[in-house]
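*Asks:* using only what follows, build the 3D model:
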Amino acid sequence: MIENKIGITLGCPAGIGPEVILKSLQHFQEKFPEVLSSLLIIGDARVIEQRAKWLGIKIPPELEILSLTEIEVKPGEPSVDGFKAMGLFVQKAIDLAKEGKIKAIVTGPISKEGLEKVGIKYKGHTEWLAQELGAKDFVMSFYGERLKVSLVTTHIPLKEVPEKITADKVFATAKLSFEFLLKLKVLNPKIALCGVNPHAGEGGLIGEEEKTVLKEAITLCQKAGLPVYGPYPADSLFFWAYQGRYDLVVAMYHDQGLAPFKLIHFEDGVNITLGLPVIRTSPCHGTAYDIANKGVANPSSFIQAIHLAYKLIQV
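*Replies:* The predicted structure is shown next:
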């Protein structure tokens, strides 16, 4: 293995992860064969071979596979063995990253419920990688050609959102997002903040956060020279960003940012964790057990996740 490898975790073996990975490999073999030598599949060789045979896809001979398990699995039928395996795949990728043997991780979809069932304490990849890789400030961000979104808060109940939004947290989110845009070579990037409340608080009539926490956050950003504007009403801001007025939107909570993002980039959007010592991308979909035995999974999001990781390891 070499340092600029991209480790691709298989995800839950019973989900669509193996299928979209194989379809992605087929895409790169046909259109961007130079990428294949950078890829390392971290998973179960037998699962990959069985799924490839079922899909009628030929595994590229130059592909490197690090096989950690040898389990029996049926597409669409999640099991404890599969949940344990998906955890092993992620942890191995983390270990390889710590050792400097991979420069990026593209994670296949896992089941949060499955993690809990096998005693893994993390709610998902983002928190898991951040904790294991020692990231103090990290951001869940989403990349699409027409829209880019970063989240201040992630997987928490809506009622807890206001207390979790602090000026320092908003500032850290904006700072990491700005650095990401620079890596993408965006010229003169502009970042806009969503308000917390409807109409961005309407001058304090519908909430105070815009006049207190977000005002303080904007001041911190300005002092640091960050091109951050707002806060603006979310219902207008995403339209402005889609039109190109802003390069990235900082949303205050999960569905505020993800609903408009997925409306536009449901099939080709990429999840990226900012602030890690390695690059981490993933598709924007889950395990999709309901279609895992049908062969109809769309690989577009996974293809874009690999493309973005490959682009960023060149920076």
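
*Asks:* contacts only, for Leu237.
*Replies:* 192, 194, 230, 246, 249 (Cβ atoms under 8 Å, 6 or more residues apart in numbering). No exception for glycine: its C-beta is placed from N, CA and C like everyone else's.

*Asks:* now swap in Ile8 and tell me
*Replies:* 21, 39-42, 105-108, 306.

*Asks:* now Ile65
*Replies:* 40-41, 43, 45, 48.

*Asks:* what is the mean pLDDT for the host helix or strand of it?
*Replies:* For Ile65, the element it lies in under DSSP states H and E is strand 64-67. Mean pLDDT, strand 64-67: 97.

*Asks:* neighbours around Ile313, how many?
*Replies:* Residues lying near Ile313 (other Cβ atoms under 10 Å) number 17.

*Asks:* from Ile6, how far off is it?
*Replies:* 7 Å (Cβ to Cβ, to the nearest Å).

*Asks:* overlap in contacts of these two?
*Replies:* Joint contacts of Ile313 and Ile6 (Cβ under 8 Å, 6+ apart) are 38, 103-104.

*Asks:* before we move on, back to that, restricted to helices, list the contacts of Ile8.
*Replies:* 21, 306 (DSSP state H).

*Asks:* out of the contacts of Ile8, which end up buried?
*Replies:* Among the contacts of Ile8, those buried by neighbour count (16 or more other Cβ atoms under 10 Å) are 21, 39-42, 105-108, 306.

*Asks:* including distance to Gly207 and pLDDT, could these go into TSV?
*Replies:* Listed next are these as TSV, based on distance: Cβ to Cβ, whole Å; pLDDT from 0 to 100:
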residue	distance to Gly207	pLDDT
Ile21	44	98
Leu39	47	98
Leu40	48	98
Ile41	47	98
Ile42	45	98
Ile105	38	98
Val106	39	99
Thr107	36	98
Gly108	39	98
Ile306	41	98
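
*Asks:* ok, so of those residues, who is nearest Leu184?
*Replies:* Ile306 (16.0 Å; Cβ to Cβ).

*Asks:* what sits against Asp290?
*Replies:* Counting by Cβ under 8 Å, 6+ apart, Asp290 has contacts Gly76.

*Asks:* mind checking the SS state of it?
*Replies:* Secondary structure, DSSP: H, G, I helix; E, B strand; the rest coil: Asp290 is helix.

*Asks:* and the pLDDT at it?
*Replies:* 97.

*Asks:* now swap in Glu3 and tell me
*Replies:* At Glu3, the model reports a pLDDT of 66.

*Asks:* same thing with Lys121?
*Replies:* pLDDT, Lys121: 88.

*Asks:* assign it to helix, strand or coil.
*Replies:* coil.

*Asks:* run a quick neighbour tally on it.
*Replies:* Using other Cβ under 10 Å, Lys121 is surrounded by 9 other residues.

*Asks:* also the one 4 residues further on?
*Replies:* Residues lying near His125 (other Cβ under 10 Å) number 24.

*Asks:* so who does it touch?
*Replies:* 90, 107, 110, 273, 280, 282.

*Asks:* by neighbours, which of the shared contacts of Ile313 and Ile6 wins?
*Replies:* Ala104 (26 neighbours).

*Asks:* so what's that one closest to, chain neighbours aside?
*Replies:* Spatial nearest neighbour of Ala104, excluding adjacent residues (Cβ to Cβ, 6 or more residues apart in numbering): Ile279 at 3.7 Å.

*Asks:* before we move on, the earlier item: now, of the contacts of His125, which are buried?
*Replies:* For those, a burial check counting by 16+ other Cβ under 10 Å picks out 90, 107, 110, 273, 280, 282.

*Asks:* give the rounded mean pLDDT of the host helix or strand of the fourth one.
*Replies:* In this case it means Thr273. Element membership for Thr273 (DSSP H and E) is strand 270-274. Strand 270-274 carries an average pLDDT of 98.

*Asks:* isn't Trp54 up against Asn293?
*Replies:* No - here Trp54 does not reach Asn293: they are 9.1 Å apart, not a contact under Cβ atoms under 8 Å.

*Asks:* what residues do the two have in common as contacts?
*Replies:* Common neighbours of Trp54 and Asn293 (Cβ under 8 Å, 6+ apart) are Pro75.
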